[in-house]
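Asks: kindly generate the corresponding structure for this input.
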Amino acid sequence: MPLESVFDSATQPVHFDPAALRHDLFDSTPALLNVLRTFHPWLADMRGKLRDAITAADTPQLAGTLHTLRGGLAQLRAKPAVELVRQLEAICKADPTAALASDHPVLLALEAKLDALSTELGQFLSELQPVVPPRQI
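Replies: Prediction:
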């Protein structure tokens, strides 16, 4: 079965847009899968950095982490998560000396959105895994 058919038959996610990302990658399903397989652990790493910056009450580190996270999420076309990150960036810019509370509503909403995104990304990749193992890409 051609890779494009496999991609088209996969459950289409709602928290990111693999079709738009694939289009950006010259409609290459192998390139899309490489990006997603790289993005998944990167997202986990960025979430750890986000938590570390909040725990340390380090607003400049938090702002930098948010900026990087926003860029990655924008490439993935994770629009709802991008909007939450933008809101948090605005909060950091408004008062660079104030620490963001770990229970801030926008932060909690972002964590929930990133949980959903990570789960959905894992499911999307697992659907394609039997047909397109990583070593073939």
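Asks: for the nearest residue to A78 once chain neighbours are set aside, what are its contacts?
Replies: Using Cβ to Cβ, 6 or more residues apart in numbering and skipping residues adjacent in sequence, the residue nearest A78 is F16, 4.4 Å away. Any C-beta I mention is one placed from the backbone N, CA and C, and that applies to glycine too. For F16, the contacting residues are 76-78, 117, 120-121, by Cβ atoms under 8 Å, 6 or more residues apart in numbering.
Asks: out of those residues, which is most surrounded?
Replies: Of all these, A78 has the most neighbours under the rule other Cβ atoms under 10 Å, reaching 28 neighbours.
Asks: how far away is the residue nearest to A78 from Q75?
Replies: Between F16 and Q75 the distance is 10 Å, computed by Cβ to Cβ, to the nearest Å.
Asks: which residues sit in contact with the residue most central in space within the chain?
Replies: For the chain, L73 is the residue whose C-alpha lies nearest the centre (Cα atoms, centre = their mean; 4.4 Å). Neighbour list for L73: 81-82, 85, 117 [criterion: Cβ under 8 Å, 6+ apart].
Asks: can you name the helix or strand that it falls in?
Replies: Element membership of L73 [criterion: DSSP states H and E] is helix 59-76.
Asks: please compute how far the top helix by length along the chain lies from its chain's middle.
Replies: Of all segments of type helix in the chain, defined using DSSP state H, the longest is helix 29-55. Offset of helix 29-55 from its chain centre (Cα atoms, centre = their mean, to the nearest Å): 6 Å.
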